[in-house]
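[1] Sequence and predicted structure below; questions after.
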Amino acid sequence: MGAPGTAAAAPLPQPPAAAAPPPAALAENALDFTSYARTLAHVAACSPVGALPERFDPRVIESHCTQLAALQERWRQLWLTQAQPFLARVVPRDLPPTVVYPFGGGDLLTALVTFPKATEITTLSLEPAGDPRSVDALTSLDLEPMLAEVREKVNHLFHYGHSKTVDMNKMAKSKLPGDLTYALVALEMNQLDPVAVRFFRIDRNGTLLYLTQADLDPTGEPKARRAAFANMEIEFMPRGGGPRRIFRHIAANLDDTHLKADPGVLRHLEAKGQVAAITKAASYLLWWKEFGQIRNYLLRNMVWMISDSTGIPTEDAVANGFEQIPYGRFDGPFLGGGIRPTEVFRKLWAEKAQPLAFRFGYPDASNHDHLLITRRVAKQ
């Protein structure tokens, strides 16, 4: 990585206009897991959809829902009341309805709040979505500790505005499907109901190939469990009625080595055409030279991005036709590591920052809240 003060990054060659996305192979034999997801939503997210299995004590569920509701109300009072008016003011109304959120596993909630009109949201992270059928394996003795774990992890997201990698790793090994559970809580908080839940893999051309019975062995178990339930798609709609929207989570390592070895994820993202983007608490990976592929994808395809300081470095943004608008205060990166844009970012915030009254992702090195908008400059 270059040191502060190096020459500006060269602009990237722009791709031709995106072709229509490759069709998803949603054959009649694609397996649907909506009934499992609705049961999980009822049990863990306190949704009215689904039903409570008879083996579970309803008093345990009632206690969980009371505590979860208190956590949600605290989040609304301390974060949403500040963030929602700000986001309504700064997020353009004419953005593409497709949102891409790199390093965003477990955080559908922020994407829904930031982009309430998005028709398609895609998060990407290392963690798999998880097998929704695991709810059938929970015993009555499992229930209380599992729900306590859900509250603990969700509360961290509410309090800090991002999902810790260690939490996501724990949930990935839990008896409950971690990323799916987070997503169901986010949907319920926005009065959105899952109406179709499927799982898929991505071929090298970027086409989605949905899980079918042929991907299971004769006992009904996946031939490769982690791969089978790594990537999920949830169709959802407002509880009172309205158009269907899509949320997808893709489990992928976004470093250059993995994306070059298997370009399917990039091909899938590129086929979406222009997108709005979001990232936060991303360990400053977009500062690293090892994540050039995903950084270049964003620079070529996004028209607007909201982030904390883990977003696009200034020299890359400016060289590719973007401007950056800072909010809050930034004295230095929250984590050690790459120094490439640190001094440039300090100068950017010192000269141009506007006020910010809530946390968005990481604080800075001095525990200040900060936020960055990166937007494409209109051609004259």
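    Looks like it arrived, so ask away.
[2] Show me what the helix or strand hosting P145 is in contact with.
    Take DSSP states H and E as the rule and P145 turns out to sit in helix 140-160. Counting by CB atoms under 8 Å, 6 or more residues apart in numbering, helix 140-160 makes contact with 43-44, 55-57, 60-61, 64, 67-68, 71-72, 74-75, 79, 106-107, 109, 138, 163-164, 167, 170-171, 174-176, 178, 181-182, 185, 281, 359, all of which sit outside it. Where you see a C-beta, it was placed from the backbone N, CA and C, and this is true even at glycine.
[3] now stretch 309-316
    By CB under 8 Å, 6+ apart, the residues outside stretch 309-316 that reach it are 6-9, 103, 279-287, 295, 298-299, 305, 322, 324, 330, 333-334, 340-341, 344-345, 348, 361-362, 364, 370, 372, 374.
[4] Show me the strands in the stretch 101-250 of the chain, by range?
    For the stretch 101-250 of the chain, the strands defined by DSSP state E, counting those that start in this stretch occupy 120-125, 192-202, 208-210, 231-238, 245-251.
[5] quick one: which of those is nearest G264?
    When the strands of the stretch 101-250 of the chain are compared by CB to CB, strand 192-202 sits nearest G264, at 4.2 Å.
[6] Mind giving me the packing neighbours of the closest one?
    helix 34-44, helix 178-189, strand 208-210, strand 231-238, helix 264-270 (3 or more CB pairs under 8 Å, 6 or more residues apart in numbering; DSSP states H and E).
[7] Taking their axis directions, the helix holding P145 and helix 34-44 sit at what angle?
    80 degrees (axes from the mean of the first three to the mean of the last three CA atoms, to 10 degrees).
[8] Which positions within helix 140-160 qualify as buried?
    Under the neighbour-count criterion of 16 or more other CB atoms under 10 Å, helix 140-160 has 143-144, 146-147, 149-151, 153-158 buried.
[9] Can you list the helices and strands that the host helix or strand of A88 packs against?
    According to DSSP H and E, A88 maps onto helix 81-90. For helix 81-90, the packing partners by 3+ CB pairs under 8 Å, 6+ apart come out as helix 108-114.
[10] at 6 Å instead, please
    On a contact count with 3 or more CB pairs under 6 Å, 6 or more residues apart in numbering; DSSP states H and E, helix 81-90 meets no helix or strand.
[11] CA atoms only: put it into PDB for me.
    The C-alpha coordinates for helix 81-90 follow below in PDB (Å, rounded to 0.1, in the frame of the first residue of the first chain):
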ATOM      1  CA  THR A  81     -34.400   8.600  16.200                       C
ATOM      2  CA  GLN A  82     -31.100  10.300  15.300                       C
ATOM      3  CA  ALA A  83     -30.100   8.200  12.300                       C
ATOM      4  CA  GLN A  84     -33.400   8.000  10.400                       C
ATOM      5  CA  PRO A  85     -34.000  11.800   9.900                       C
ATOM      6  CA  PHE A  86     -30.300  12.200   8.800                       C
ATOM      7  CA  LEU A  87     -30.500   9.300   6.400                       C
ATOM      8  CA  ALA A  88     -33.800  10.600   4.900                       C
ATOM      9  CA  ARG A  89     -32.000  13.900   4.300                       C
ATOM     10  CA  VAL A  90     -28.700  12.700   2.800                       C
END
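[12] which residues make contact with it from outside it?
    The contact list for helix 81-90, computed with CB atoms under 6 Å, 6 or more residues apart in numbering, reads 114, 357-358.
[13] Now the buried members of the residues you listed.
    Applying 16+ other CB under 10 Å to those flags 114, 358 as buried.
[14] Pipe the contacts of helix 81-90 into TSV and attach distance to G130 and pLDDT per row.
    Output for these, formatted as TSV (distance: CB to CB, whole Å; pLDDT from 0 to 100):
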residue	distance to G130	pLDDT
T114	24	98
A357	35	95
F358	30	95
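[15] I'd like the contacts of helix 81-90 written out as CSV, with distance to T212 added.
    Listed next are the contacts of helix 81-90 as CSV, based on distance: CB to CB, whole Å:
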residue, distance to T212
T114, 34
A357, 49
F358, 44
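[16] I'd like to know how far E149 sits from V91.
    Distance, E149 to V91, by CB to CB, to the nearest Å: 33 Å.
[17] Which stretch among the helices and strands packed on strand 192-202 is buried most, on average?
    Greatest average neighbour count among the helices and strands packed on strand 192-202 goes to helix 178-189 (a mean of 27), per mean count of other CB atoms under 10 Å.
[18] centre of the chain versus that helix, how much separation?
    11 Å (CA atoms, centre = their mean, to the nearest Å).
[19] What of stretch 265-277?
    Offset of stretch 265-277 from its chain centre (CA atoms, centre = their mean): 14 Å.
[20] tell me the average confidence for that stretch?
    Averaged over stretch 265-277, pLDDT sits at 98.
[21] and that stretch, how far apart are its ends?
    By CA to CA, to the nearest Å, the extent of stretch 265-277 from end to end equals 16 Å.
[22] Likewise for stretch 260-272?
    Start-to-end span of stretch 260-272 (CA to CA) is 19 Å.
[23] What are the contacting residues of that stretch?
    21-22, 98, 202-206, 252, 259, 297.
[24] Whichever of these end up buried, select them in PyMOL.
    Buried subset of those, written as a PyMOL selection, criterion 16+ other CB under 10 Å:
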select buried, resi 21+98+202+206+252+259+297
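[25] Return, as residue ranges, the portions of the stretch 201-350 of the chain with sub-threshold pLDDT.
    Residue ranges of the stretch 201-350 of the chain with pLDDT under 70: 223-226, 337-339.
[26] Would you reformat the buried residues of helix 140-160 as a markdown table and include pLDDT and distance to T212?
    Listed next are the buried residues of helix 140-160 as a markdown table, based on pLDDT from 0 to 100; distance: CB to CB, whole Å:
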| residue | pLDDT | distance to T212 |
| --- | --- | --- |
| L143 | 94 | 31 |
| E144 | 95 | 36 |
| M146 | 93 | 29 |
| L147 | 95 | 32 |
| E149 | 93 | 32 |
| V150 | 93 | 30 |
| R151 | 94 | 35 |
| K153 | 90 | 31 |
| V154 | 90 | 32 |
| N155 | 90 | 37 |
| H156 | 86 | 36 |
| L157 | 84 | 33 |
| F158 | 83 | 37 |
